[in-house]
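K.L.:
Sharing a sequence plus its predicted fold:
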Amino acid sequence: MAYSTSITHHSLRRTPWIAAVALLAGCATQSDQRAPVSVPPPVRESIPAPAIPQAETPGATILVPPAAPPGVVVQPAPLPQPAPKPAISTTEGRALVARLLPAGIADRSGWAMDIYAAFAAMEIAPTPENVCAVVAITEQESSFHADPQVPGLSRIAWKEIEKQRGRSGIPKVVLWGALALPSPSGKSYSARLDAVKTERELSEIFEDFIGMVPLAKPFLENRNPVRTGGPMQVSVAFAESHAALRPYPYPVAGSIRHEVFRRRGGMYFGIAHLLDYQASYDSHLYRYADFNAGHYASRNAAFQYAVTQASGVPLALDGDLLRYQDGQAVKEAGATERAVRVLAKRLKMTNAEIRRDLELSRTADFERSRLYFRLYVLADSAAGKPAPRAMLPRIELKSPKITRKLTTDWFARRVDGRYQTCMARAL
């Protein structure tokens, strides 16, 4: 039956459809990829740093801070910038990308063009290291499929819808009545859910559903349950924030969300999330972890480890230095902030000053803060050796799509294995 245009505003308020829409808004079908609050300045190129001593802690990197006379606090120098390399032509760049792609992928030249175009647009050097990092993530996340299928997605979607229906107390008859309505495709929403195979399709079902209740759109359009997508499974929220700060180089087909599900947009925003931020890591391994857990998660996990070394307070090495709710830092101090406050006198900082510096923890500037430098002076002294400046976060991955125990550490090392295989092709 077609959706009647004779329904009045009064009758809309009395129908259960808005409640059913709100139910679908709570349905999450994959893990949240935590997006940074802001997008830091771009990295022009990423070149592995010279070899440095390795920490005894697995997955850790040591960077030795500058020496300081007793009683004197020396501010750290600005983060080092890689030396420029000779520019290569567009033809050479695309040829390099094509050569490093794995064998057997369809439309090899198309993938090479979209990957190189993203590098060029963001002025990221198309070095073998950077290209292979992108290849490894894409291979891990989608095996080079622009709109990858998710096994059992229909079952996952229905299970989550039923879970949210139960939590919301919405009667089944209301939900089933709403989903039985014909959608713009001609099929009912329930029939489309039964046949859904990709996150793009599920996202489109949700968009069509809220479109049938125009009054609900202003309240629900930002609550689409599909939060990641495309060949690199990049966060839609990250893509939207990145596009707000740096012009997107292509015409936008509908919305940035829609662009994420296209090959060109999915690769562009995935590459941005992986490489278009300043970090002092000596290995791409930590960028792989950050791709999964959020920018600077590896640096921040090492900071948490250093806080434990200096204070004796055990902390979860999850990379979150503040407490967050719905992606926003809350005023109440979390475990890491409370542990740092234990050291306030030794750091010669007030609680307000500690909080001010911790609020930089999702940016490159945190490494230039007084808290960061002074904390490592204490941690290095307590350990009798330099504490790690980067560590793989210890986070268990949770998602309706995941059927076994996986961690950020597992993800980063799995991607690194693919990276090493790609680098062998560069020889």
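P.N.:
In hand now; what should we look at?
K.L.:
Quick one: name whatever helix or strand follows the helix or strand that contains Ala118.
P.N.:
Applying DSSP states H and E as the criterion places Ala118 in helix 108-121. The element immediately downstream of helix 108-121 (helix or strand, assigned by DSSP H and E) is helix 128-142.
K.L.:
can you state the direction angle for the longest helix seen in the chain and helix 128-142?
P.N.:
Assignment by DSSP state H gives helix 408-426 as the longest helix of the chain. Here the directions of helix 408-426 and helix 128-142 differ by 130 degrees (axes from the mean of the first three to the mean of the last three CA atoms, to 10 degrees).
K.L.:
who touches helix 408-426?
P.N.:
Here helix 408-426 makes contact (CB atoms under 8 Å, 6 or more residues apart in numbering) with 59, 99-100, 102, 128-129, 131-133, 135-137, 139-140, 284-286, 288-289, 291-293, 297, 392-395, 397. C-beta: built from backbone N, CA, C; applies to glycine.
K.L.:
Return the distance of stretch 189-208 from the chain's centre.
P.N.:
Relative to its parent chain, stretch 189-208 has a centroid offset of 23 Å by CA atoms, centre = their mean, to the nearest Å.
K.L.:
no no, stretch 148-157
P.N.:
Computed by CA atoms, centre = their mean, the chain-centroid distance of stretch 148-157 equals 21 Å.
K.L.:
Check stretch 375-395 too.
P.N.:
How far stretch 375-395 lies from its chain's middle: 25 Å, per CA atoms, centre = their mean.
K.L.:
mind exporting it as PDB, just the C-alpha atoms?
P.N.:
Only the C-alpha atoms of stretch 375-395 are listed here, as PDB (Å, rounded to 0.1, in the frame of the first residue of the first chain):
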ATOM      1  CA  LEU A 375      55.700  12.700  33.200                       C
ATOM      2  CA  TYR A 376      58.300  11.000  31.100                       C
ATOM      3  CA  VAL A 377      61.100  12.400  33.200                       C
ATOM      4  CA  LEU A 378      59.500  10.700  36.200                       C
ATOM      5  CA  ALA A 379      58.800   7.500  34.300                       C
ATOM      6  CA  ASP A 380      62.300   7.200  32.900                       C
ATOM      7  CA  SER A 381      63.800   7.800  36.300                       C
ATOM      8  CA  ALA A 382      61.400   5.200  38.000                       C
ATOM      9  CA  ALA A 383      62.300   2.500  35.400                       C
ATOM     10  CA  GLY A 384      66.000   3.300  35.300                       C
ATOM     11  CA  LYS A 385      65.700   3.400  31.500                       C
ATOM     12  CA  PRO A 386      63.600   5.200  28.800                       C
ATOM     13  CA  ALA A 387      60.000   4.300  28.900                       C
ATOM     14  CA  PRO A 388      58.200   3.400  25.600                       C
ATOM     15  CA  ARG A 389      56.800   6.300  23.700                       C
ATOM     16  CA  ALA A 390      54.500   4.100  21.600                       C
ATOM     17  CA  MET A 391      52.700   0.800  22.500                       C
ATOM     18  CA  LEU A 392      49.900  -1.200  20.900                       C
ATOM     19  CA  PRO A 393      46.700  -0.500  22.800                       C
ATOM     20  CA  ARG A 394      45.100  -3.400  24.600                       C
ATOM     21  CA  ILE A 395      41.500  -3.200  23.400                       C
END
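K.L.:
quick revisit: got the buried residues for the longest helix of the chain?
P.N.:
Within helix 408-426, the residues that qualify as buried are 408-409, 411-412, 415-416, 418-419, 422-423, counting by 16 or more other CB atoms under 10 Å.
K.L.:
State whether Ala178 and Tyr189 are indeed in contact, as I suppose.
P.N.:
Yes - if you go by CB atoms under 8 Å, Ala178 and Tyr189 touch, sitting 7.4 Å apart.
K.L.:
Give the residues shared as contacts by these two.
P.N.:
Phe209.
K.L.:
higher neighbour count, those two?
P.N.:
Comparing Ala178 with Tyr189 by other CB atoms under 10 Å, the one with more neighbours is Ala178, at 24 against 21.
K.L.:
in which helix or strand would I find the more buried one?
P.N.:
Judged by DSSP H and E, Ala178 forms part of helix 172-179.
K.L.:
quick check, distance from that helix to the centre of its chain.
P.N.:
Taking CA atoms, centre = their mean, one finds helix 172-179 lying 34 Å from the centre of the chain it belongs to.
K.L.:
so what does that helix touch, helix or strand wise?
P.N.:
helix 17-25, helix 153-168, helix 189-195 (3 or more CB pairs under 8 Å, 6 or more residues apart in numbering; DSSP states H and E).
K.L.:
most packed of those helices?
P.N.:
Ranked by mean neighbour count, the helices and strands packed on helix 172-179 are led by helix 17-25 with a mean of 21 (mean count of other CB atoms under 10 Å).
K.L.:
Compare the helices and strands packed on helix 172-179 and give me the one nearest Gly319.
P.N.:
Closest to Gly319 of the helices and strands packed on helix 172-179, according to CB to CB: helix 153-168, at 26.5 Å.
K.L.:
what angle separates that closest one from helix 172-179?
P.N.:
Using the same axes, to 10 degrees, the inter-axis angle of helix 153-168 relative to helix 172-179 is 130 degrees.
K.L.:
Which strands and helices lie in contact with helix 153-168?
P.N.:
Using 3+ CB pairs under 8 Å, 6+ apart, the elements in contact with helix 153-168 are helix 17-25, helix 172-179, helix 189-195, helix 199-211.
K.L.:
rerun at 7 Å
P.N.:
In terms of contact count using 3 or more CB pairs under 7 Å, 6 or more residues apart in numbering; DSSP states H and E, helix 153-168 is assigned the packing partners helix 17-25, helix 189-195.
K.L.:
Tell me how far it lies from the chain's centre.
P.N.:
Distance of helix 153-168 from the chain centroid (CA atoms, centre = their mean) equals 24 Å.
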